[in-house]
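1. model the structure of this input:
(chains A and B)
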Amino acid sequence: MKKDKNVLVEFFSSVQLSLFTFFVLAIASIIGTIIPQNKEPSFYVAEYGPKLTRLFEILDIPDMYNSWWFVSLLVLLSLNLIVCTFERLPKVWRMVVMDNLDTSRERLERQSQRQSFLVANDSGDAVAAVRGILTKFGGRLQEGADGEATLLFTQKGAWTRLGVYVVHLSVLLIFAGAIIGSVYGYKGSVMIPEGEASGFVYEFGTNRPIDMGFQVRCDRFDVSFYDTGAPKEFRSALTVVKDGKDVLSKSIVVNDPLDYEGLTFYQASYEPYNQLVVQLANDGSKAKETFLLSPREETPWAAEGVSFGIINIEGSDRSGYRYKVWFSDGKSEPVTFWATADQAAKVELPSATYSLSLKRRFATGLQVAKDPGVWYVYAGCTAMLLGLLVAFFLSHQRIWVYIAREDGATRILLCGTANKNRLGFERDFEALADQFKHSDRLTLTEEKS
Amino acid sequence: MNSSQLLGITTFAYLLSSVIYIAVLVFRAKKLGLAATLVALGGLLAQTAGIALRWVESYQMGIGHAPLSNMYESLVVFSWTIAICYLVLELKYKNRTLGGFAMPFAFFSMAYASFAKEINQEITPLVPALQSNWLIAHVVTCFIGYAAFAVACGMGILYLLKAKHEETAKGGGDSIYDNAPDLKIVDDIIYKTIVFGFLWLSTGIITGAIWANSAWGTYWSWDPKETWSLITWFVYASALHARFVRGWAGKRIAWLAIIGFLSVIFTYYGVNFLLSGLHSYGSSS
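-> Purely as a prediction, here's the structure:
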């Protein structure tokens, strides 16, 4: 390798760079949690004075996490991950697929765990006995001979060396998902009054209208409260209308959005109107009609020859409302009565009986997101967790047994190494060595000192 | 018996067990060790019953939900996960001198939950944003992580104290840390609890992101809580990289365990009470 090339590669693949980037990202992120983000310029002037505000604007502090320098830090982290992976993965891959039988005796004697036995068995007998013990250890048993000597090898979890790279790549996959989402997706919102539909959403930040290619109608919106006054539920009955046809209906609440053609509609807010939605039905003829009306406004139902109006409203958002209804068929004495949104009222007139249900009119506030990158992000998250599990809890354990004749006896050299959790491996290795010591097929003899 | 009585007993039991664990260490009173463990275990049982009963009580009030919805309930769960985490550690390493550096965290969390004026102990109904199956997954995973980091911090303190004592005593004389595990073992415990916590913190951040996406359509919005959880993640990621690649061990990792836990505390507590105060004139997000 050339030295000048090394300097750059070394810099971008170094763990010092990772630690530095982590540190700077952490410090920068703290700034963004202390200085409120995405406020009006006047807010910063009032809070921090004009001079600091000017500095903030130069450094993009008010929208720090999208600023060129913060994004650059993320790019630096990505570069670090990519170069580090390219730099190390080939070496690690060689470790995964390497021929461990090609290991010299000198090298064996340098392994972290070693035990040596001298047995009276001849070497063929010893090899057979060792095979029996090693088979139980785990992986595939490999064997090689070098003249009189035999080397047996077995390993577990060679592939687990790749776990850490799965974690690194998962971070890149999450970044890729975030980029895909910001390039091909958008976030917006729309207010839809009950009974109306919208084919557009308005992008956050720019307020640009975006044509969805279909319409969403709000059939009904309900809000309920606990006795404490805290909100209990916001619920919107939505219908997707495509080419003039209702294609999908769903009632959404805060944690249960509506999905259609890659767009997701979230319950976000609501707005009350000074209007009422009244449903009337003739119990006899089953004729039905829905009306929108303002308080103190006489509304006719021409087909039935009746008219009605709301002449008084009492209550609050929290406790619920009751409405005083005026109802007349133009012939008999008009009736007045109190009604609530919760239950339908019966209006009994000499001519017919009507069912009346009413509620305050709302507009539902929907947050709309199109994010084709989210599945990459989720795949990245899953890969990260699996990778962390492998990287932290599984290790590559290798066991060699070298068997050779020596001074009229057979020398068994048992060595092993693990790339992680060495204390745990030490115990496993001791247990394995015990099996050699207590094997009824091996006859240990004294070392000649 | 109601849940607050059970949780009151828990607070007392954790105090008592902390005191006995510290006595075991300071007076080298190994015989007291079993008592400390039994009191801690008794406290844990009372706490488990208390949490379960609080869950039942919320259903009796008609607003049933898992007791994970406010600061009080989260402090109780924090203490609960610390106690479990520590008792598992004790079982694994069979050394009771560790308790003096772990159970006080479980006690402080309960004591703060019980006695601080700003903590509302009432069972309150769930607002719409919290009505999700992700609530349990998100809160529990985060707190397993936080608990592991609390224990790692305690072990970090033990490491530094024992290391300092060994340096000054230069091998001569008895030490109250003689019964504590070897520095090598304490270092290994710190490392393992950080690894364990890091895995759960990652899971906690991910479940939070998935939840945010299903509630608001955005999995990451850089709000102070999210950002601080990421800062904490960076601290521990740094510690792990320093150990894996640069071979950091001993005092440096012990310090990182303490710094990391300070970041956890800020993520958990500081963001709610300091930054939200700073942001209270702003939007509620």
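2. quickly list the domain ranges of chain B.
-> B:1-72+B:96-123, B:127-285 (automatic domain parsing).
3. for the record, mean pLDDT for the shortest one?
-> Read that as domain B:1-72+B:96-123. Here domain B:1-72+B:96-123 scores 93 as its mean pLDDT.
4. ends of it, what's the gap?
-> From its first residue to its last, domain B:1-72+B:96-123 covers 17 Å (Cα to Cα, to the nearest Å).
5. from the stretch 251-400 of chain A, which residue is nearest to chain B?
-> residue A:369 (3.3 Å; Cβ to the nearest Cβ). C-beta: built from backbone N, CA, C; applies to glycine.
6. identify whichever of the domains of chain B lies nearest to residue A:105.
-> Closest of the domains of chain B to residue A:105 is domain B:127-285, at 28.2 Å (criterion: Cβ to Cβ).
7. redo the domains of chain B as a markdown table? Include distance to residue A:381.
-> A markdown table is the format used below for the domains of chain B (distance: least, Cβ to Cβ, whole Å):
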| stretch | distance to residue A:381 |
| --- | --- |
| domain B:1-72+B:96-123 | 22 |
| domain B:127-285 | 4 |
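8. need these in CSV (columns: mean neighbour count).
-> Putting those into CSV (neighbours: other Cβ atoms under 10 Å in any protein chain shown) gives the following:
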stretch, mean neighbour count
domain B:1-72+B:96-123, 19
domain B:127-285, 19
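9. and chain A, what are its domains?
-> A:7-94, A:100-157+A:395-448, A:186-370.
10. need those domains in CSV (columns: distance to residue B:226 and mean neighbour count).
-> Compiled in CSV, these are given as follows (distance: least, Cβ to Cβ, whole Å; neighbours: other Cβ atoms under 10 Å in any protein chain shown):
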stretch, distance to residue B:226, mean neighbour count
domain A:7-94, 9, 15
domain A:100-157+A:395-448, 31, 16
domain A:186-370, 16, 16
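11. where do the helices of chain A begin and end?
-> Under the criterion DSSP state H, chain A contains helices at A:3-13, A:15-34, A:41-58, A:68-97, A:105-108, A:123-137, A:163-184, A:374-393, A:422-437.
12. the longest one to helix A:3-13, inter-axis angle?
-> Note on geometry: by axes from the mean of the first three to the mean of the last three Cα atoms, to 10 degrees, helix A:68-97 and helix A:3-13 are set 110 degrees apart in direction.
13. excluding its backbone neighbours, what's nearest residue A:344?
-> residue A:357 (4.2 Å; Cβ to Cβ, 6 or more residues apart in numbering or on different chains).
14. enumerate every residue touching that neighbour.
-> Contact partners of residue A:357, counting by Cβ atoms under 8 Å, 6 or more residues apart in numbering or on different chains, are A:278-279, A:339, A:341, A:343-345.
15. ok, whichever residue of the stretch 151-285 of chain B sits closest to chain A - contacts?
-> Nearest residue of the stretch 151-285 of chain B to chain A: residue B:217, at 3.3 Å (Cβ to the nearest Cβ). Residues near residue B:217 by Cβ under 8 Å, 6+ apart: A:187, A:257, A:264, A:266, A:367-369, A:371.
16. got CSV for these, with distance to residue B:110 too?
-> CSV is the format used below for the contacts of residue B:217 (distance: Cβ to Cβ, whole Å):
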residue, distance to residue B:110
A:187, 42
A:257, 38
A:264, 41
A:266, 37
A:367, 39
A:368, 44
A:369, 41
A:371, 41
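17. from those, which land in strands?
-> Using DSSP state E, the subset of those located in strands is A:187, A:264, A:266, A:367-369.
18. helix or strand for residue B:75, which one?
-> helix B:71-93 (DSSP states H and E).
19. tell me the first helix or strand C-terminal of that helix.
-> In N-to-C order, the element after helix B:71-93 by DSSP H and E is helix B:103-115.
20. that following helix vs helix B:71-93, what angle?
-> 160 degrees.
21. what's helix B:103-115 packed up against?
-> Counting contacts by 3 or more Cβ pairs under 8 Å, 6 or more residues apart in numbering or on different chains; DSSP states H and E, helix B:103-115 packs against helix B:3-26, helix B:33-60, helix B:71-93, helix B:134-169.
22. report the angle between that helix and helix B:3-26.
-> 150 degrees.
23. not counting stretch A:7-26 itself, show me its contacts.
-> A:73-74, A:76-77, A:79-80, A:83-84, A:86-88, B:231, B:234-235, B:237-238, B:241-242, B:245-246.
24. my bad, should have said stretch A:157-176
-> So stretch A:157-176 is contacted by A:74, A:77-78, A:81-82, A:84-85, A:88-89, A:92-93, A:95-97, A:373, A:376-377, A:379-384, A:386-392, A:394-397, A:419, B:244 (Cβ under 8 Å, 6+ apart).
25. same question for stretch B:81-89.
-> Outside stretch B:81-89, the residues touching it (Cβ under 8 Å, 6+ apart) are B:14, B:37, B:40-41, B:43-44, B:47, B:98-99, B:102-103, B:105-106, B:109, B:143-144, B:146-148, B:150-151, B:189, B:193.
26. got the residues of the stretch 1-150 of chain B near chain A?
-> B:63, B:124-125, B:127-129, B:131-132, B:134 (Cβ under 8 Å from any Cβ of the partner chain).
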